[in-house]
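> how would this look folded up:
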Amino acid sequence: MNIIKYLNKAGYDTIDSGFYTLIALWKSWYMGNVRKFHRYKIYNGKQHVTCRRLSLGMGKKVSEDIADLLLNERVKITIENKTTSEFVKGVLKKNNFSVFGNDYQERKAYTGTVAYVPYLDNVEVDQDGNITGDGTVKINYVSAQNIYPLSWSNGYISECAFVFSKVIMRKKYKHIQIHKLVDGLYEIENHIVEASAGAGREIPKEEWADLKGFESMADKVYTGSSERQFVIDRLNIANNTDTNDDADNPMGVAIFANSIDILQGIDTIYDSYINEFVLGKKRIFAAPEMMGTDILGNPVFDTDDVIFYQLPEDMLKSGKDPIKSVDLTIRAEEHEKAINDSLNMLSMKCGFGQNHYRFENGSIQTATQVISENSDMYRTTNKHELILGPVMDELIRIIARLGKVLQKALDPETKLVIDFDDSIIEDKVAERQSDRQDVSMGAMTLTEYRAKWYGETEQEAAKHVIDDTPDPDPQEE
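The predicted structure follows:
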């Protein structure tokens, strides 16, 4: 079904449908299977032959690498309020955020945008849409193709629709969830639409009881909050996909959105590189008289050996060599240089700097050396963290607010620290030693040192510093 038409019919405006076509294109480059590029036809003088162009899979590779730099096992979340900390970390663990968080950073890299939508599960809602009773907090993870902004300003999406697909009894359904502001407070509307071929009928609330998974879902929830109950996470790259200068598309773009030509070049060269070995393998052309049998009737050559190719009849009578070997020279060095030049361009365009990727011995090698703070990769990572940091902060506070709705003694406004450990790309050892010298000189306090290096708030760090101070020696008093 056409989601944009559905939203327009319901009175909502969203971004142009052409942008979702771009998202599909970026996804195909991520998968290394682009229509009319990796599958194409060549005319051989007699007929069109279908061919498959091989891919080096660099759309997938650059997405993996930026995801590993942004959200990995070294990221540390410190929440000052102990009860809130235990609750939030418990929710993140139950929702497998350590795995899905990184997975959706990779999805963000190739689609430009993802969303996290926390919600209350197994709760009772009265007839006015107010939440009553106990429940649990869960998180829906949403990719760009299922995110439809409804209102936004300066890149901040204040109202949004999210689409979730489900198959029930072999029928396809779309769960459309709309987060909108009404008199300054957020309401969440749920709609179920049949999405099988030729369908599009909206399922009335009375029939939801017959749909497994939707039996207890409310058609409308009044959050009673002026804070949104969803988080939009995007790459910190300007969206230049719209030619209209007045347009303000709040969605992000793929990390390689402006490098499609380079990806095409890489796969074209790589396909040619592999074809050098396919077409350049040794062949032996033999006259048919040489491909016969011996006096016992056994074949002179193995009929299953593909190295031999039988020439036309009467080759011996023509005076030509009955057997001729052809061994073409493979241009491996030229291809490797061309691939490495293209990889270098891709690396710079995606913000990894020069020589991040090398094509050696038929595979991609990634640089692992420590990179200084002045490097392109360091600046790129920090640029994306400018968005990811507030995203994590907002997600944690939404979870805490939902927990408070469940009558938990939580503090959604507690202080918290998101520590992105950049030790992969930054010389932390040298920086830490420098900070120790600052502490010894009095230029930095021990509290500041602990807060920076242990991922604590300054209040927590101060407590540890006090607790760690040794008691005075009674003999000195």
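
> what does the domain assignment say about this protein?
As given by automatic domain parsing, the domain ranges for the chain are 3-260+382-405, 261-366.

> mean pLDDT and distance to Val417 for those domains - can I get that in a markdown table?
Quick note: C-beta positions are derived from backbone N, CA and C, even for glycine. Below are the domains of the chain laid out as a markdown table (pLDDT from 0 to 100; distance: least, C-beta to C-beta, whole Å):
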| stretch | mean pLDDT | distance to Val417 |
| --- | --- | --- |
| domain 3-260+382-405 | 90 | 4 |
| domain 261-366 | 75 | 25 |
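
> I'd like those domains as a markdown table, with distance to Arg432 and mean neighbour count appended.
Output for those, formatted as a markdown table (distance: least, C-beta to C-beta, whole Å; neighbours: other C-beta atoms under 10 Å):
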| stretch | distance to Arg432 | mean neighbour count |
| --- | --- | --- |
| domain 3-260+382-405 | 15 | 17 |
| domain 261-366 | 24 | 15 |
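
> possible to save those domains as JSON lines with distance to Leu416?
Below are the domains of the chain laid out as JSON lines (distance: least, C-beta to C-beta, whole Å):
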{"stretch": "domain 3-260+382-405", "distance to Leu416": "5"}
{"stretch": "domain 261-366", "distance to Leu416": "28"}
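
> what ranges do the strands span in the stretch 301-450 of the chain?
308-310, 323-326, 357-360, 363-366, 416-419 (DSSP state E, counting those that start in this stretch).

> same check on the stretch 101-250 of the chain?
Under DSSP E, counting those that start in this stretch, the stretch 101-250 of the chain gives strands at 113-121, 124-125, 131-132, 136-143, 147-153, 156-168, 171-182, 185-194, 220-222, 231-234.

> so what touches the first one?
The reference is to strand 113-121. Strand 113-121 has contacts (C-beta atoms under 8 Å, 6 or more residues apart in numbering) with 91, 104-105, 107-108, 131, 135-144, 147, 160, 162, 177, 229-235, 251-252, 391, 395, 398-399, 402, 405-406.

> change it to 6 Å
104, 107-108, 135-140, 142-144, 147, 162, 230-234, 251-252, 395, 398-399, 402 (C-beta atoms under 6 Å, 6 or more residues apart in numbering).

> cool, and stretch 386-404?
If you take C-beta under 6 Å, 6+ apart as the criterion, stretch 386-404 is touched by 70, 84, 87-88, 91, 116, 118, 120, 137, 229, 231, 233, 236, 410, 412, 418.

> which among those residues gets closest to Gly11?
Nearest to Gly11, judged by C-beta to C-beta, of those is Gln229 at 21.2 Å.

> if I pick that closest one, what's in contact with it?
Thr223, Ile398.

> and it, what are its phi and psi?
phi -110, psi 30 (degrees, to the nearest 10).

> do you know how far it is from Gly184?
14 Å (C-beta to C-beta, to the nearest Å).

> with Asn382 instead?
Look at Asn382 and Gly184: by C-beta to C-beta, they are 35 Å apart.

> also Arg358?
Distance, Arg358 to Gly184, by C-beta to C-beta: 55 Å.

> cool, Ser225 as well?
To Gly184, Ser225 is 10 Å away according to C-beta to C-beta.

> could you do Asp121 as well?
26 Å.

> picking up where we left off before, do you know which of the strands of the stretch 101-250 of the chain lies nearest Trp208?
Nearest of these (C-beta to C-beta): strand 185-194, 6.4 Å.

> now do the closest one: everything it contacts.
173-180, 201-203, 217, 219-223, 225-226.

> which helices and strands sit right next to the host helix or strand of Ile42?
Assigned by DSSP states H and E, Ile42 belongs to strand 39-43. Under the contact criterion of 3 or more C-beta pairs under 6 Å, 6 or more residues apart in numbering; DSSP states H and E, strand 39-43 touches strand 48-52.

> parallel or antiparallel, which strands does the strand it packs on pair with?
Using DSSP bridges, the strands paired with strand 48-52 in its sheet are strand 39-43 (antiparallel).

> who touches the strand it pairs with?
His48, Val49, Thr50, Cys51, Arg52.

> what residues are up against the last one?
Arg52 makes contact with Arg39 under the criterion C-beta under 6 Å, 6+ apart.

> how near is it to Ile42?
For Arg52, the distance to Ile42 - C-beta to C-beta - is 11 Å.

> now the second one
Distance of Val49 to Ile42, computed by C-beta to C-beta: 5 Å.

> for burial, what's the neighbour tally of the closest residue to Glu80 other than its chain neighbours?
Nearest non-adjacent residue to Glu80, counting by C-beta to C-beta, 6 or more residues apart in numbering: Lys415, 4.4 Å away. By other C-beta atoms under 10 Å, the residues close to Lys415 number 13.

> per-residue confidence at Lys415?
According to the prediction, Lys415 has pLDDT 93.

> right, and it touches Gln459 too?
No. In this structure Lys415 lies outside contact range of Gln459 using C-beta atoms under 6 Å: 7.1 Å.

> can you give me the end-to-end distance of stretch 48-60?
31 Å (C-alpha to C-alpha, to the nearest Å).

> run the chain-centre distance for that stretch.
22 Å (C-alpha atoms, centre = their mean, to the nearest Å).

> likewise for stretch 39-49?
36 Å.

> stretch 404-416 too?
Per C-alpha atoms, centre = their mean, the centroid offset for stretch 404-416 relative to its chain is 30 Å.

> tell me where the stretch 201-350 of the chain has helices.
260-279, 332-349 (DSSP state H, counting those that start in this stretch).

> any chance of JSON lines for these, columns distance to Asn95?
As requested, the helices of the stretch 201-350 of the chain are exported to JSON lines (distance: least, C-beta to C-beta, whole Å):
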{"stretch": "helix 260-279", "distance to Asn95": "33"}
{"stretch": "helix 332-349", "distance to Asn95": "34"}
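
> Lys5 is nearest to which of those helices?
helix 260-279 (28.3 Å).

> so what does that closest one touch, helix or strand wise?
Looks like helix 260-279 contacts helix 332-349 (3+ C-beta pairs under 6 Å, 6+ apart).

> which residues touch the helix it packs on?
Under C-beta under 6 Å, 6+ apart, the answer for helix 332-349 is Ser259, Ile262, Gly265, Ile266, Ile269, Tyr273, Gln354, His356, Tyr357, Phe359.
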